[in-house]
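> give me a 3D structure for the following:
(2 chains)
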Amino acid sequence: DQQVKQNSPSLSVQEGRISILNCDYTNSMFDYFLWYKKYPAEGPTFLISISSIKDKNEDGRFTVFLNKSAKHLSLHIVPSQPGDSAVYFCAVNLGSSNTGKLIFGQGTTLQVKP
Amino acid sequence: NAGVMQNPRHLVRRRGQEARLRCSPMKGHSHVYWYRQLPEEGLKFMVYLQKENIIDESGMPKERFSAEFPKEGPSILRIQQVVRGDSAAYFCASSWGTVNEKLFFGSGTQLSVL
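Numbering: from 1, shown residues only, chains lettered A, B, ... in the order given. Just a heads-up that it's a prediction; the model follows:
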């Protein structure tokens, strides 16, 4: 039972354009969402997060959108840069009772072409 | 300020042997988590520990797997009598606090069982 799904295994975009990575979840009780980025042979690094009380959070080139009614979140990267090429994981945290116990999606491999 | 340190980076074991994976959390962090990533999958939570205590081991296989985080020294994930299906990347993460703290991941240990 996949509670967090990233249906696109890969995405390729041109440098300077927008990258949109999508994530769907099944449980409306999830209340905290995160995106992690992972380079080969490295551990995931935190990118950006959003609480369920918001529908948007922005940090520089990265914006996360949350649509609670659709149980959907997306990560926008604009403009995309070659250094953004990595695997992106969305994750959910059930909140204070499950701190650090994240449920990850399968990941989307982003390739940004120069 | 060193990050989360995991060793070894690569570990090769034959079926039936024991595997010991070590993790030193970031300085000042007292919460440690272990995650496992099977090929083509996202990271799966295994266990959450604080010093000398297992807080949540709901993701640990019932047999052959154990984890500890002693008062002194690194956290250890121990896999007894390894089988081929244990081949995976094992990531350790640490955090300072509790509620919705972002996790800092190590670079992982790639376990290969021959």
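
> could you report the pLDDT at whatever residue of chain B ends up closest to chain A?
Of all residues in chain B, B:F105 sits closest to chain A, at 3.2 Å by CB to the nearest CB. Backbone N, C-alpha and C define where each C-beta goes, glycine included. B:F105 carries a pLDDT value of 95.

> how about the nearest residue to it, chain neighbours excluded?
In this structure, B:F105 finds its nearest non-sequential neighbour in A:G43, 3.2 Å apart by CB to CB, 6 or more residues apart in numbering or on different chains.

> for the one you found, give its distance to A:K54.
Look at A:G43 and A:K54: by CB to CB, to the nearest Å, they are 27 Å apart.

> A:N7 too?
24 Å.

> pLDDT-wise, which helix or strand of the chain ranks last?
Just so you know, I chose chain A. strand A:102-104 (a mean of 90; mean pLDDT, DSSP states H and E).

> wait, I meant chain B there
Within chain B, confidence by mean pLDDT, DSSP H and E is lowest for strand B:53-56 among all helices and strands, at a mean of 90.

> right, is that one up against chain A?
Yes. Strand B:53-56 is in contact with chain A by CB under 8 Å from any CB of the partner chain, via B:D56.

> what packs against that strand?
Judged by 3 or more CB pairs under 8 Å, 6 or more residues apart in numbering or on different chains; DSSP states H and E, strand B:53-56 is in contact with strand B:43-50.

> strand partners (parallel or antiparallel) of the strand it packs on?
The strands beside strand B:43-50 in its sheet (DSSP bridges) come out as strand B:31-37 (antiparallel), strand B:53-56 (antiparallel).

> return the most buried member of these.
strand B:31-37 (a mean of 25; mean count of other CB atoms under 10 Å in any protein chain shown).

> ok so, going back, between A:N7 and A:K54, who's got more neighbours?
Neighbour totals were compared for A:N7 and A:K54, and A:K54 leads with 13 against 10 (other CB atoms under 10 Å in any protein chain shown).
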